[in-house]
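Undergrad: sequence below, structure please.
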Amino acid sequence: VEVHDCFTIAELCAIEDLGFVPKGTAGKFTAEGETQIGGKLPVNTSGGLKACGHPVGATGIKQVWEVVQQLRGEAGRRQVDGAEIGMTQNVGGTGATVVSHIFRRAC
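TA: Residues are numbered from 1 along each chain as shown. Modelled structure (predicted):
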C-alpha cells in the first residue's frame, strides 16, 4: 500500500481511514513493525513521498510505479514476498481530492 504521507501523521490517518486498522490503533500497529516489509500490511515500501522528495504533481505516478514494481517482483530489497494486490492513495488540494487505485498481479 502506498499512501499519501505528506506529513508523518498522514500515514497513520490513512491506514485508519482506509479501514486497514481500527481508529486509534495505527500508532501501535506501526510501532510494532506491522507496516514494514514483512509485516501484516507493508505501507510505503518506497519510503513514502517525503523519502522521494514529495514530488508534487508526480506523486500519483510515483506511487503507481512502486506498486507495479512490487507486483512484477522487481522491487529489489524493497520487495514484498508474494505481492499479489497493491493499492495507492493520493491526496490533492489539502484533501479536496483523493484518488485511490487497486491493482492486482495479472499472472
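Undergrad: in the helix or strand bottoming out on mean pLDDT in the chain, which residues are buried?
TA: None of the helices or strands of the chain scores lower by mean pLDDT, DSSP states H and E than helix 48-51, at a mean of 91. Under the neighbour-count criterion of 16 or more other Cβ atoms under 10 Å, helix 48-51 has G48, L49 buried. The C-beta positions use only the backbone N, C-alpha and C, and glycine is treated the same way.
Undergrad: ok, residues contacting that helix?
TA: E2, V3, H4, D5, C6, T8, E11, N44, P55, T59, K62 (Cβ atoms under 8 Å, 6 or more residues apart in numbering).
Undergrad: which PyMOL command selects the buried ones in the residues you listed?
TA: The buried residues among those can be selected in PyMOL (16+ other Cβ under 10 Å) with this line:
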select buried, resi 2+3+4+5+6+11+44+59+62
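Undergrad: and of the contacts of helix 48-51, the nearest to I102?
TA: Among the contacts of helix 48-51, E2 lies closest to I102 (Cβ to Cβ), at 11.5 Å.
Undergrad: got the contact list for that closest one?
TA: Taking Cβ under 8 Å, 6+ apart as the criterion, E2 is in contact with 43-46, 48, 63-64, 66-67, 86-89.
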